[in-house]
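> from the sequence below, what's the structure:
(one chain, ligands or ions: 2)
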Amino acid sequence: MAKEPVRVLVTGAAGQIGYALVPMIARGVMLGPDQPVILHMLDIPPAAEALNGVKMELIDAAFPLLKGVVATTDVVEACTGVNIAVMVGGFPRKEGMERKDVMTKNVSIYKSQASALEKHAAANCKVLVVANPANTNALILKEFAPSIPEKNITCLTRLDHNRALGQIAEKLKVQVSDVKNAIIWGNHSSTQYPDVNHATACGKPVRELVKNDAWLNGEFITTVQQRGAAIIKARKLSSALSAASGACDHIRDWVLGTPEGTWVSMGVYSDGSYNVPAGLIYSFPVTCRNGEWTIVQGLPIDEFSRKKMDATADELSEEKALAYSCLS
Ligand SMILES: NC(=O)C1=CN([C@@H]2O[C@H](COP(=O)(O)OP(=O)(O)OC[C@H]3O[C@@H](n4cnc5c(N)ncnc54)[C@H](O)[C@@H]3O)[C@@H](O)[C@H]2O)C=CC1
Ligand SMILES: O=C([O-])CC(=O)C(=O)O
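Residues are numbered from 1 along each chain as shown. Ligands and ions are numbered 1, 2, ... in the order given. Next comes the predicted model:
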């Protein structure tokens, strides 16, 4: 028997990432090839015409799984009944800007959209925040949607995770699908800590295969940390294709589960695991089963990692304080 359609909200749907993401969702990349979807697309009034153009293209693409499209500039209409919300809308970082520069603009957007989701989304709606500053936007959304369980509010660090896998695959000249269990700790920013101490390639420890700790502790980390800025420099636009793909990976694994023996990185509400301050949205290694994520516990953390995990936590605490100051 055919499944009931799942309603998926994409905010900022007329933007770069939105344009790459909505066809992936309509093709089943996010929720599977047998899961019908109804797309809810939100953007702001100046983008209404472009948003309608995206709707026209979705109709023209004749996706068999796409059972309906709501394209609107009304946040209540956009949020009503949605089971999954991918929050891409916001003010993007431009070349030369730090994420903090875009904080003030985004805090007020996430506060108001939190209220709309809380009142109008389906019970148990899962939320993924993509727009930067992603961790702190997710935290604001959590604060202003207190009836949405905190486990349901996450942010995207899967793109960074995939970037780390990609760099290791390139270095070792292996297939990216043979590289597993990298970790992105912390903020989706240049302080994030891409950690391969527990990662494997073709079943063997990455550190043993790479045999170059200087590269792994230096250039590898900075390349992953700076990849978003490098793409913006090259394209003059953000990494829409890979961000859309990462967003699909994030939701797919959350809903359908992570493969046995594999973990992924997700920005989730910290419970104090690994001595990360509780009350931040921080990227951890997680496994997913039955639509729930669980932080992987008990990984040994060396001194080098500890310092980097603390530095990115400190930045998130500062962002949290800055976000709250923008609210008052
Ligand atoms: N977490 C991650 O891995 C990544 C995050 N990003 C972030 O994703 C966001 C989107 O990036 P792009 O698509 O390249 O930007 P974009 O500027 O092309 O699209 C953003 C869209 O959001 C819309 N928008 C603005 N305010 C809105 C509101 N209040 N409600 C609904 N829509 C609104 C804009 O009209 C625009 O269509 C940016 O914040 C960017 O920094 C980008 C790449 C990776
Ligand atoms: O740096 C940016 O603003 C875009 C981004 O988040 C990324 O590509 O990781």
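> CA atoms for contacts and neighbours, from now on please.
OK.
> can you give me the strands for the stretch 201-328 of the chain?
204-205, 264-269, 281-289, 292-295 (DSSP state E, counting those that start in this stretch).
> around ligand 2, pick out the residues from the stretch 201-328 of the chain.
Within reach of ligand 2 by C-alpha under 6 Å from any ligand atom, the stretch 201-328 of the chain has these residues: 228-229, 238-239.
> can you rerun that using 5 Å?
Residues of the stretch 201-328 of the chain lying near ligand 2 by C-alpha under 5 Å from any ligand atom: 228, 239.
> helices of the stretch 201-328 of the chain, residue ranges please.
Along the stretch 201-328 of the chain, counting by DSSP state H, counting those that start in this stretch, helices occupy 206-210, 213-217, 219-225, 227-235, 240-256, 303-327.
> same question for the stretch 51-200 of the chain.
Taking DSSP H, counting those that start in this stretch as the criterion, the stretch 51-200 of the chain contains helices spanning 75-79, 103-120, 134-143, 158-172.
> I'd like the strands of the stretch 201-328 of the chain as a markdown table, with mean pLDDT and mean neighbour count appended.
Listed next are the strands of the stretch 201-328 of the chain as a markdown table, based on pLDDT from 0 to 100; neighbours: other C-alpha atoms under 10 Å:
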| stretch | mean pLDDT | mean neighbour count |
| --- | --- | --- |
| strand 204-205 | 98 | 15 |
| strand 264-269 | 98 | 28 |
| strand 281-289 | 98 | 25 |
| strand 292-295 | 98 | 18 |
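> quick one: which of those is nearest S305?
With C-alpha to C-alpha as the measure, strand 281-289 is the member of these nearest S305 (13.0 Å).
> is any residue of the closest one near ligand 1?
No - if you take C-alpha under 5 Å from any ligand atom as the test, strand 281-289 misses ligand 1, and the best it gets is 11.2 Å.
> going forward, begin numbering at 28 instead of 1
All right, first residue 28 from here; so that's strand 308-316.
> elements contacting that strand?
Packed against strand 308-316 by the contact rule (3 or more C-alpha pairs under 8 Å, 6 or more residues apart in numbering; DSSP states H and E) you find helix 161-170, strand 210-212, helix 267-283, strand 291-296, strand 319-322.
> ok, the nearest residue to K30 once chain neighbours are set aside - contacts?
Nearest in space to K30, with sequence neighbours left out and distances taken as C-alpha to C-alpha, 6 or more residues apart in numbering, is Q62 at 6.2 Å. Residues near Q62 by C-alpha atoms under 8 Å, 6 or more residues apart in numbering: 30-33, 55, 92.
> and what of D205?
Per C-alpha under 8 Å, 6+ apart, neighbours of D205: 196, 227-230.
> just give me the closest of those to C315.
For those, the nearest to C315 is T227 (19.4 Å; C-alpha to C-alpha).
> what residue ranges in the stretch 28-177 of the chain are flagged as low confidence?
Residue ranges of the stretch 28-177 of the chain with pLDDT under 70: 120-122, 125-127.
> near ligand 1, which residues of it?
38-39, 41-44, 70, 115-117, 119-120, 157-159.
> those: which two are farthest apart?
So for those, where distance means C-alpha to C-alpha, the most widely separated pair is D70 and R120, at 17.5 Å.
> the closest residue in space to S269 that isn't next to it in sequence: what's it in contact with?
Distance criterion C-alpha to C-alpha, 6+ apart; nearest residue to S269, sequence neighbours excluded, is L186 at 6.6 Å. Applying C-alpha under 8 Å, 6+ apart, we find L186 in contact with 269-270, 272-274.
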